[in-house]
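A.B. asks: quick one, fold the following:
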Amino acid sequence: MIMFDDILRIIEPLDREAMAAAERRQQQLTKPPGSLGRLEELSILLAGMQGDEQPRGYRRQLILAAGDHGVAASGVSSYPQEVTAQMVQNFLEGGAAVNALAQRAGVELTIVDAGVAVPVGPSDALVSVRLGFGTQNIAEGPAMTREQAEVALDTGAKIARAAAAYDDIIGVGEMGIGNTTSAAAIVSVLCGRPPEAVTGRGASRNDEQLARKVAVVKQAIDVNRPDPTDGVDVLRTLGGFEIGVLAGVVLGAASRRTPVVLDGFITASAALNAHAILPQSPDNLIDGH
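C.D. replies: Numbering: from 1, shown residues only. Model (predicted):
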C-alpha cells in the first residue's frame, strides 16, 4: 500500500521560529559571529528540521541501498555486474571503507538489498526487500513496473520512518553497477538538461566509454519517454530499485522531521525523484559534499 497520501498530510515545512531561536542563541555564545562557518548554518537548518533550537545529532544511521541495473549490459561501466554483490558482501563483513568510517563516527550501518542480481547475506545488518534480480535495461524499455516502483518507494519510506523513531539523523548511500547511468537519465529528465551535461564518468575509464554512456542515456530517454511531471513514472522508466528505496527514505524521513544527509550524485538523483513526487520533501535534505 503506497504511503504518499499519508506522508503528504504529515510533512511540515521548516520551523522558522526554532531557526530564529537557534540563531539568537548562537549570537549569545562566546565566539565571533560566523566563525564556525557552515557549521553554524547547519545547526540553524537542523533546528528548523527538528523543531528545536538546540537540535540533536547523537543517534545516527546510514542506510545503504544496493541494486543491480540491466543497463550494465550496454557497456556503461568498466566493472562487471557481479561486483555489486561482491561489494555488498564486503559491506556485510565489515571490510569496506564505509564500515570503517561508520564505526569511527559511531554511526549504525544498515544495508538494504533492493534487488541485487545475486542474493547476499545473511547478516543482522541486512534488510532484504529484493524487488527483482536487478532492473531491466533502460536502453531497451522501462526499468521496472509501476507496481515495483511504488513498492520500492513505500519500502524506503517505512525503513526511514522506523529508523527515525530512534535516530536523530539519517545518511543515505548506494551500491549498484550501472546506477550512475540511471541517475544521469533521471537528472536529465527532471532538470530538463541534455544528457551530456549531467552524465559523468562514473566507472567509465576513457572518453570512448563516456561517449557510449551518454548515448545510452539519450537512448533510454528516447525509448521510454518518461513524464517529467510524474515522479513515479520517471522512476519506473529510468530508475533503479535502490534509487527508488532511497527516494522513499527521503520521503519517510521528511514525514518524521528527520534530516537526511546525501552522499553524491546517485543519492541526489533519488532525492530529486522524491521531490518530483512530493515537492515539500527537500526541506529535510543536507548535501554531504
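A.B. asks: give me the below-cutoff pLDDT ranges for this structure.
C.D. replies: 1-5, 203-204 (pLDDT under 70).
A.B. asks: quickly list the domain ranges of it.
C.D. replies: 4-50, 60-287 (automatic domain parsing).
A.B. asks: ranking these by burial, who's on top?
C.D. replies: For these, average neighbour numbers computed from mean count of other CB atoms under 10 Å are highest in domain 60-287, which has a mean of 21. Using the backbone N, CA and C atoms, a C-beta is placed for each residue, glycine as well.
A.B. asks: please name every helix or strand in contact with the helix or strand encompassing Asn90.
C.D. replies: For Asn90, the host element (DSSP states H and E) is helix 82-92. On a contact count with 3 or more CB pairs under 8 Å, 6 or more residues apart in numbering; DSSP states H and E, helix 82-92 meets strand 60-67, strand 108-115, strand 169-175.
A.B. asks: just the CA trace of the second one, in CSV.
C.D. replies: Pointing back at strand 108-115 there. Below are the C-alpha coordinates for strand 108-115, written out as CSV (Å, rounded to 0.1, in the frame of the first residue of the first chain):
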residue,chain,number,x,y,z
GLU,A,108,24.8,2.5,12.7
LEU,A,109,25.0,0.9,9.2
THR,A,110,22.1,-0.8,7.6
ILE,A,111,22.4,-2.5,4.2
VAL,A,112,19.3,-2.8,2.1
ASP,A,113,19.2,-5.4,-0.7
ALA,A,114,16.7,-3.8,-3.0
GLY,A,115,17.4,-6.1,-5.9
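A.B. asks: got the angle between that strand and strand 60-67?
C.D. replies: 20 degrees (axes from the mean of the first three to the mean of the last three CA atoms, to 10 degrees).
A.B. asks: parallel or antiparallel, which strands does strand 108-115 pair with?
C.D. replies: strand 60-67 (parallel), strand 126-128 (parallel) (DSSP bridges).
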